[in-house]
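Q: my questions concern the predicted model and sequence given below.
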Amino acid sequence: MMLASLARCAFALSLLTGPFLTADCLSVEKREGTLGLLFLTRLSGSGIVIGKMAGHSLRVVCAWLAIFPCLFLPILHGGVLWAEVVRLMLVLLCGMLLSLAVGVFWSTVATEARTSVLATTITLLLVVFLPWLPAYARATFLTGRFILDGWALISPMTTVAYAFESSFTSSGPGVLGSGASLFWCSLTLSCLVSVALVFISGLLLPWTWRKSELTMRGGGSLHSLVRPTSSVLTYDWLPIGRAVSPARWLAMRRVKEDWWMNLLRWLLILFFCVMLVHAFAVKQFEQGLIGACGLAYGLHLITRIQAILSGTRRLYEARRTGTLEELLVTPVTEREVIMAHHESVFRSLRIGCWTLLVINIVLQVALTLGSTQSTRRDWVDVWFLMTALCGGGLLVTLSDFRTLRWLALREALRARTQIKAAGRVFWLLIGVPWIIFAVTYLVAAQFRDTSALALFGWLWIGGCLTYNHLLEGTVRLWLQPGLRFRIAETA
């Protein structure tokens, strides 16, 4: 159990290396116009991509070596073989390289940090979970048995599952062979996909760079960013013919959501509805509810990442280009700038926020209506526990988005890059509470009582609300000397 817990945490961290290290490594060069200087040298597109990968891989290998001793701790307690730990270390290394390769690919294709980070995160989630979806669908809707397909070899989760000794020495499901062959085939395929993505990125980089240069010349220069008549900007909400505050105009540029993000949200909502209908249509209420909760959490995670990227993007770009400093030497008040930032965050995330609130309410209603279908004796305690996650999650979602407006404001003014600003907000707003949740869950699990888990769940919800209030208070305290003073301090 100790080895499995450490492996899951390390695997989740390995998948985060791409979105936070390589997802913006090439797109930032396009935005700042420095990528063309590299092409003036003898470097080719492949050489630039491989150099970026090598630089970030060195940091990843250092992190991998730091994890190495921790995974050997279960051997001291007995019941774990050293070969099992070595296989898990190989899995983590290949998972990190795959995440870096996906990040480099989307950094080659995209120009904005928001697009590349979101696309990298969603691609990794699809690569990990989508190959297992057919087996899960058959087990839930048809046969009731979980049997993997050949497509499951693409998923790194298959490599993790068959790295453990019990699965590695098993005969394997169906015609896919033994557990050992499944492990090595999946590990090799993951490495080949990483190499293929790096090779494709090297071929695409010159073409995507020329395309970005043409876009910047046509409407992406600094002059076009401050010109209201530019065709690349959208102002769907601005009233025509009325005077608009410069701070609001600056904050409301490109608040419209990308079409592919909207499409992904509706697909997740569709699958969420299918799982709920299945939960009530057949006598497998708990399986359907678990699937619906998993989809709801995935939508929560993606929406929060989108919120963090959107909340830090506009202020960081305005500070980087000097537009914010120019605005603050005008009679525009600091309060107008802060309120414009808050309004832009709200308008860019109102669809996602309302979607999350409706999904949490639907889950709570489904839990209440499904209590009559469950066969568990402790269903009342389970109901209280799930209510803490759904009903309490409703309160935490509202509190998170309120705190996000202030936290993104501070980090966008302090960080050197947008990815670092988004990473700090992600750590403070999501990372710290969920680490506390993991520790709380492990402590509550020692009681082996569902009611104790429900009690600790509600305590965690209360702690999250208090924590968000304290975070907002620290940002307000940081802004007391004045916004102009803080911008001059971080210039």
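A: Structure's in. What do you need?

Q: all contacts plus neighbour counts: C-alpha atoms, from now on.
A: Will do.

Q: so residue 360: helix, strand or coil?
A: helix (DSSP: H, G, I helix; E, B strand; the rest coil).

Q: can you list the domains in the chain?
A: Per the record, the chain has its domains at 1-221, 251-491, by automatic domain parsing.

Q: would TSV of the ones you listed with mean pLDDT be doable?
A: Putting the domains of the chain into TSV (pLDDT from 0 to 100) gives the following:
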stretch	mean pLDDT
domain 1-221	84
domain 251-491	81
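
Q: can you lay out these as JSON lines showing mean neighbour count?
A: Formatted as JSON lines, the domains of the chain follow (neighbours: other C-alpha atoms under 10 Å):
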{"stretch": "domain 1-221", "mean neighbour count": "18"}
{"stretch": "domain 251-491", "mean neighbour count": "18"}
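
Q: can you map out the strands along the chain?
A: Counting by DSSP state E, one finds no strands in the chain.

Q: roughly how far apart are the nearest residue to residue 171 once chain neighbours are set aside and residue 169?
A: Among residues not flanking residue 171 along the chain, residue 178 sits closest, at 4.3 Å (C-alpha to C-alpha, 6 or more residues apart in numbering). From residue 178 across to residue 169, the span is 7 Å (C-alpha to C-alpha, to the nearest Å).

Q: same deal with residue 367?
A: Taking C-alpha to C-alpha as the measure, residue 367 falls 40 Å from residue 169.

Q: swap in residue 318?
A: Going from residue 318 to residue 169 by C-alpha to C-alpha gives 57 Å.

Q: what about the residue nearest to residue 171, distance to residue 442?
A: Plainly put, residue 178 is 33 Å away from residue 442 if you go by C-alpha to C-alpha.

Q: now swap in residue 8 and tell me
A: 14 Å.

Q: repeat that for residue 213.
A: Spatial separation of residue 213 from residue 442 under the definition C-alpha to C-alpha is 52 Å.

Q: and what of residue 321?
A: Using C-alpha to C-alpha, one gets 47 Å for the distance from residue 321 to residue 442.

Q: over to residue 62?
A: When C-alpha to C-alpha is applied, the distance between residue 62 and residue 442 equals 29 Å.

Q: what of residue 289?
A: In terms of C-alpha to C-alpha, residue 289 sits 23 Å off from residue 442.

Q: can you give me the offset of stretch 54-74 from its chain's centre?
A: The chain centre lies 22 Å from the centre of stretch 54-74; the measure is C-alpha atoms, centre = their mean, to the nearest Å.

Q: who touches that stretch?
A: Identification of contacts with stretch 54-74 by C-alpha atoms under 8 Å, 6 or more residues apart in numbering yields 2-3, 6-7, 10, 17, 21-22, 80, 82, 85, 89, 92-93, 96-97, 100.

Q: same question, stretch 108-125
A: Under the contact criterion C-alpha under 8 Å, 6+ apart, stretch 108-125 has outside partners 15-16, 18-20, 23-24, 26-28, 30-31, 99, 102-103, 106-107, 201, 204-205, 208, 212, 302, 305-306, 309-310, 313, 418-419.

Q: from those residues, which land in helices?
A: 15, 27-28, 30-31, 99, 102-103, 106-107, 201, 204-205, 208, 212, 302, 305-306, 309-310, 313, 418-419 (DSSP state H).

Q: run the chain-centre distance for stretch 288-302.
A: For stretch 288-302, the distance to the chain centre is 14 Å (C-alpha atoms, centre = their mean).

Q: then stretch 39-51?
A: 29 Å.

Q: also stretch 403-419?
A: Averaging C-alpha positions (C-alpha atoms, centre = their mean) puts stretch 403-419 17 Å from its chain's average.

Q: put the alpha carbons of that stretch into CSV.
A: Extracted in CSV, the C-alpha atoms of stretch 403-419 (Å, rounded to 0.1, in the frame of the first residue of the first chain):
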residue,chain,number,x,y,z
THR,A,403,-9.9,34.1,-4.4
LEU,A,404,-8.6,33.5,-7.8
ARG,A,405,-9.3,37.1,-8.9
TRP,A,406,-7.0,38.5,-6.2
LEU,A,407,-4.4,35.8,-6.3
ALA,A,408,-4.0,36.0,-10.1
LEU,A,409,-3.6,39.7,-9.8
ARG,A,410,-0.7,39.5,-7.3
GLU,A,411,1.2,36.6,-9.1
ALA,A,412,0.8,38.2,-12.6
LEU,A,413,2.5,41.3,-11.2
ARG,A,414,5.3,39.4,-9.5
ALA,A,415,6.2,36.5,-11.7
ARG,A,416,8.8,36.7,-14.6
THR,A,417,6.7,34.5,-16.9
GLN,A,418,3.0,33.7,-17.2
ILE,A,419,3.7,30.0,-16.6
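
Q: got the contact list for that stretch?
A: If you take C-alpha under 8 Å, 6+ apart as the criterion, stretch 403-419 is touched by 20, 24, 113, 307-309, 311-313, 315-316, 319, 341-342, 345, 421-422, 424-425, 429, 468-469, 471-472, 475-476, 486-487, 490.

Q: so how far is residue 84 from residue 2?
A: Per C-alpha to C-alpha, residue 2 is found 13 Å from residue 84.

Q: does residue 30 touch residue 209 like I think?
A: Yes - applying C-alpha atoms under 8 Å, one finds residue 30 in contact with residue 209, separated by 6.7 Å.

Q: hmm, residue 392 is touching residue 458, no?
A: Yes - counting by C-alpha under 8 Å, residue 392 touches residue 458, with 7.2 Å between them.
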